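1. whatever this is, show me its structure:
(one chain, ligands or ions: 2)
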Amino acid sequence: MRRQEGQIPAACAEGCKTKVYPDELPNTSIVIVFHNEAWSTLLRTVHSVINRSPHHLLSEVILVDDASERDFLKAPLENYARHLEVPVKILRMEQRSGLIRARLRGANIARGQVITFLDAHCECTVGWLEPLLARIREDRKTVVCPIIDVISDDTFEYMAGSDMTYGGFNWKLNFRWYPVPQREMDRRKGDRTLPVRTPTMAGGLFSIDKNYFEELGTYDSGMDIWGGENLEMSFRIWQCGGSLEIVTCSHVGHVFRKATPYTFPGGTGHVINKNNRRLAEVWMDEFKDFFYIISPGVVKVDYGDVSERKALREKLKCHPFSWYLESIYPDSQIPRRYFSLGEIRNVETNQCLDNMGRKENEKVGIFNCHGMGGNQVFSYTADKEIRTDDLCLDVSRLNGPIIMLKCHHMRGNQLWEYDAEYAGKWEYNFEHFFLRHINSNQCLDEPSEEDKMVPTMKECNGSRSQQWLLRNMTLNS
Ligand code: LR7
Ligand code: MN
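-> Ligands and ions are numbered 1, 2, ... in the order given. Next up is the predicted model:
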């Protein structure tokens with residue numbers, strides 16, 4: 001693959017420039033769904049596909065209009081599309097259906113051997129397509145994503161995305177980028193031009209063999225508008241015998257928008273929670289507790305009927321979620337094994353550790369226990385970290401403070417000993433209830449007089465103020 005100088009940012013790794021791809025690659029349909037998209041960004045997407053893909057690899061471009069309310073997306077778009085050098089089909093949803101069902105409509109008429117989904121505000125770079133198709137040709141059960149470059153929504157400036165991050169998710173089931181772990185670098189023997197096996201995908205930009213898409217159960221058509229489908233598909237791919245990769249020699253830009261430019265009929269929270277419940281109920285087994293306990297209101301949301309999706313999981317003989325955590329995502333924010341999931345209560349004051357909704361790099365707080373999960377949910381994991389979602393309690397100085405930092409899985413300042421005796425799954429007998437920080441050899445203690453809102457670190461002295469009860473919570477859905 002040769003890249004033309006000056007045309008695009010030097011986005012890809014040096015080694016990609018000399019890669020040669022087979023002449024015979026599967027062809028692809030490009031499916032782009034949109035709701036009230038701007039003319040310029042939509043057309044930028046379409047033109048970049050046409051200009052920067054070998055035409056014999058493009059079966060067609062399918063645009064699915066999810067009931068947009070803008071006149072220029074009606075007849076003017078159809079007239080414009082007629083003059084393009086690649087067949088462009090335009091489908092219209094009769095009513096607003098959301099991106100999941102709109103994509104299903106597009107996929108349904110796709111004739112290519114591969115389906116490539118793109119958001120409606122992307123820019124494909126030169127040479128973006130061949131590496132994706134070549135990987136699918138090698139292994140039809142591999143679902144592939146390009147590196148997603150960032151197009152600024154203020155200036156439309158183009159910035160290369162990183163090949164050092166991959167997809168994960170937190171307890172709230174938000175998709176997040178996390179650093180590619182050492183084990184994945186080692187597996188590729190340091191060759192950054194080789195695909196990265198990623199636990200999840202962002203969801204908007206990927207290619208999949210069309211038959212495999214169908215075998216795998218396409219999408220959950222019970223999901224509305226936006227959200228959740230990307231994790232649902234990621235879990236399904238891995239748990240049911242496929243693999244999900246970021247092909248680092250392929251770059252596509254995406255306009256990252258600060259706010260949603262459209263409405264969510266039914267309410268944003270409700271829609272996303274419903275979709276997330278569907279994926280948690282079908283794919284996450286007992287680990288769905290992490291989601292439910294950290295977002296207590298969610299259990300009230302009606303998620304409809306998932307029996308067909310459960311039957312699909314049976315039919316495909318998919319692995320349990322614990323297998324996924326162990327084999328695919330050992331650095332997950334959800335610990336595969338843990339001693340407790342729930343509140344951490346001080347014996348003396350009866351107050352609970354509380355992340356106060358604070359962010360990374362801030363102090364962990366302490367507050368009256370409310371028993372409602374949310375900010376008072378902590379997990380003491382088998383790796384002996386105390387975590388609340390993707391943040392771990394971290395102490396780097398004698399006498400504290402106790403800061404919440406991204407969990408690094410390397411013990412160090414995030415290692416805590418709880419002197420409870422482990423007596424099997426979920427159960428343990430405590431002795432002294434102390435939470436001893438190994439590196440400092442100090443114990444977690446109640447707040448000082450100066451600041452009643454944060455716990456402290458002190459010499460371990462056996463007092464009641466250094467005793468903590470780690471309580472398990474489970475919510476029944
Ligand atoms: O009701 C809708 N109907 C639609 O047709 C809502 C949206 N859409 C269209 C929309 O016009 C767009 O083309 O669906 C596409 C995706 O919607 P966005 O661009 O508002 O989503 P996003 O970029 O904010 O969100 C990411 O997560 C989504 C979860 O449902 C989808 O998987 C998006 O495709 C996905 N985008 C990406 O992966 C691009 C990289 C972002 C990151 C990280
Ligand atoms: Mn988008």
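
2. number of nearby residues for the nearest residue to residue 41 once chain neighbours are set aside?
-> Counting by Cβ to Cβ, 6 or more residues apart in numbering, residue 41 lies nearest to residue 121, which is 3.9 Å off, once chain neighbours are set aside. Just so you know, the C-beta spots here come from the backbone N, C-alpha and C atoms, and that holds for glycine as well. When neighbours are counted by other Cβ atoms under 10 Å, residue 121 registers 23.

3. residues in contact with residue 121?
-> 37-38, 41-42, 44-45, 151, 254-255, 257 (Cβ atoms under 8 Å, 6 or more residues apart in numbering).

4. same check, this time on residue 240
-> Residue 240 touches 216, 313, 316-319, counting by Cβ under 8 Å, 6+ apart.

5. now, which of the residues you listed sits nearest ligand 1?
-> Distances from ligand 1 to these, taken as Cβ to the nearest ligand atom, are shortest for residue 216 (16.4 Å).

6. for the closest one, give its distance to residue 311.
-> 14 Å (Cβ to Cβ, to the nearest Å).

7. more neighbours: these two, which one.
-> Neighbours per residue (other Cβ under 10 Å) separate residue 216 from residue 311, with residue 216 holding more: 21 against 12.

8. I'd assumed residue 366 was in contact with residue 355.
-> No: at 10.3 Å, residue 355 does not count as touching residue 366 under the criterion of Cβ atoms under 8 Å.

9. quick check: phi and psi on whichever residue of the stretch 251-400 of the chain sits closest to ligand 1?
-> Residue of the stretch 251-400 of the chain nearest ligand 1, by Cβ to the nearest ligand atom: residue 254 (4.4 Å). Backbone geometry at residue 254, expressed as degrees, to the nearest 10, gives phi -140, psi 140.

10. what segments of the chain are helices?
-> Ranges of helices in the chain, per DSSP state H, are 39-51, 75-82, 99-109, 129-138, 182-187, 210-215, 229-239, 268-283, 288-294, 307-315, 321-323.

11. what sits against residue 229?
-> By Cβ under 8 Å, 6+ apart, the neighbours of residue 229 are 99-100, 203, 219-220, 223, 275.

12. contacts with ligand 1 among these, please.
-> 99, 203 (Cβ under 6 Å from any ligand atom).

13. show the buried residues in the contacts of residue 229.
-> Taking 16 or more other Cβ atoms under 10 Å as the criterion, what is buried in the contacts of residue 229 is 99-100, 203, 219-220, 223, 275.

14. quick revisit: the contacts of residue 121 into a markdown table, with extra columns for neighbour count?
-> Below are the contacts of residue 121 laid out as a markdown table (neighbours: other Cβ atoms under 10 Å):
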| residue | neighbour count |
| --- | --- |
| 37 | 24 |
| 38 | 16 |
| 41 | 20 |
| 42 | 23 |
| 44 | 20 |
| 45 | 27 |
| 151 | 21 |
| 254 | 20 |
| 255 | 18 |
| 257 | 11 |
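
15. just grab the bridge partners of residue 417 for me.
-> residue 436 (DSSP bridges).

16. how long is stretch 234-250 from one end to the other?
-> End-to-end span of stretch 234-250 (Cα to Cα, to the nearest Å): 19 Å.

17. which parts of it are buried?
-> 234-240, 242, 244-250.

18. within range of ligand 1, give me the residues from the chain.
-> 33-35, 37, 66, 98-99, 102, 119-120, 148, 202-205, 225-227, 229-230, 254, 262.

19. what about those residues, which are in strands?
-> 33-34, 148, 254 (DSSP state E).

20. in the protein, which ranges drop under the pLDDT threshold?
-> 1-12, 420-431, 474-477 (pLDDT under 70).

21. OK, contacts around residue 31?
-> Per Cβ under 8 Å, 6+ apart, neighbours of residue 31: 62, 64, 103, 106-107, 110, 115-118.
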